[in-house]
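Asker: missing the sequence, but the structure's below:
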């Protein structure tokens, strides 16, 4: 993380400590102190981002219990030597089908679900390409920790239908990628997926 973003790291750590303290502490005075520490983290983010404190609070302080990273899946599906990408309705940029892992689904099940919802394809998850700490690979930095799981998937049918999240899908060679949603997948991450697909014995990469 760049030195100019250390404030974000501090705010995240304060929030994490406060959340754990609120979960485990029983003493009323300690709980009051942890609530104030959490509020300081909200004020830091609000001041630096320009976002209203209430919105920051809703996004940043909405969980209870010991704080752990969120899980994000990305499905790498190939046709010949081209990779499947979907165009996001919100940004107009392209990404691997994917999203948050649902509480009632496994990582593989979530990847299969996202490929169906965003690309219209029926796929099976075959291999874990990589498990990455998002902040080591993607920008901008987020105020919450994310682990990204890239899965090599095989398509068995289906076809694209426009939906609430994506407007089109396409197959792209590595040397002709469209504008990417860099916060979700970078050219380096796409290239890693090509490497995994071409390898005879791929070893899962992890941070």
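Answerer: Great, that's in hand. These numbers were taken from a predicted model, which means no experiment stands behind them.
Asker: got the residue ranges for the strands in the protein?
Answerer: Under the criterion DSSP state E, the chain contains strands at 70-79, 82-88, 94-95, 98-100, 121-133, 146-158, 166-172, 205-206.
Asker: mean neighbour count and distance to residue 18 added to those, as TSV?
Answerer: Bear in mind the C-beta positions are built from the backbone N, C-alpha and C, glycine included. Below are the strands of the chain laid out as TSV (neighbours: other CB atoms under 10 Å; distance: least, CB to CB, whole Å):
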stretch	mean neighbour count	distance to residue 18
strand 70-79	22	18
strand 82-88	21	33
strand 94-95	23	33
strand 98-100	19	23
strand 121-133	18	22
strand 146-158	18	20
strand 166-172	16	37
strand 205-206	12	29
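Asker: adding distance to residue 190 and mean pLDDT, write those strands out as TSV.
Answerer: Output for the strands of the chain, formatted as TSV (distance: least, CB to CB, whole Å; pLDDT from 0 to 100):
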stretch	distance to residue 190	mean pLDDT
strand 70-79	8	96
strand 82-88	6	98
strand 94-95	10	98
strand 98-100	12	96
strand 121-133	11	98
strand 146-158	10	97
strand 166-172	9	97
strand 205-206	14	98
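Asker: next one: the spatially closest residue to residue 72 that is not a sequence neighbour from residue 75, what distance?
Answerer: Excluding the flanking residues, the one nearest residue 72 by CB to CB, 6 or more residues apart in numbering is residue 148, at 4.8 Å. In this structure, residue 148 and residue 75 are 12 Å apart, going by CB to CB, to the nearest Å.
Asker: go ahead and confirm residue 74 touches residue 153.
Answerer: No: Residue 74 is beyond contact range of residue 153, at 9.7 Å (criterion: CB atoms under 8 Å).
Asker: could you list the low-confidence segments of the chain?
Answerer: Within the chain, the ranges that satisfy pLDDT under 70 run 1-4.
Asker: what about the longest helix in it?
Answerer: In the chain, assigned by DSSP state H, the helix with the most residues is helix 28-49.
Asker: by contact count, what packs against that helix?
Answerer: helix 6-24, helix 53-60 (3 or more CB pairs under 8 Å, 6 or more residues apart in numbering; DSSP states H and E).
Asker: make TSV out of those and add mean neighbour count.
Answerer: Listed next are those as TSV, based on neighbours: other CB atoms under 10 Å:
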stretch	mean neighbour count
helix 6-24	17
helix 53-60	15
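Asker: out of those helices, which is closest to residue 131?
Answerer: Closest approach to residue 131 among these (CB to CB): helix 6-24, 20.1 Å.
Asker: run through who's touching the closest one.
Answerer: Identification of contacts with helix 6-24 by CB atoms under 8 Å, 6 or more residues apart in numbering yields 1, 30-31, 33-35, 37-38, 40-42, 44-45, 48, 60-61, 63-67, 141, 143-145.
Asker: residues touching the residue sitting nearest the centre point of the chain, list them.
Answerer: The chain has residue 72 as the residue nearest its centroid, 3.9 Å off, counting by CA atoms, centre = their mean. By CB under 8 Å, 6+ apart, residue 72 lies in contact with 98, 99, 100, 101, 134, 146, 147, 148, 149, 184.
Asker: farthest pair within those residues?
Answerer: 101 and 184, at 14.4 Å, using CB to CB across these.
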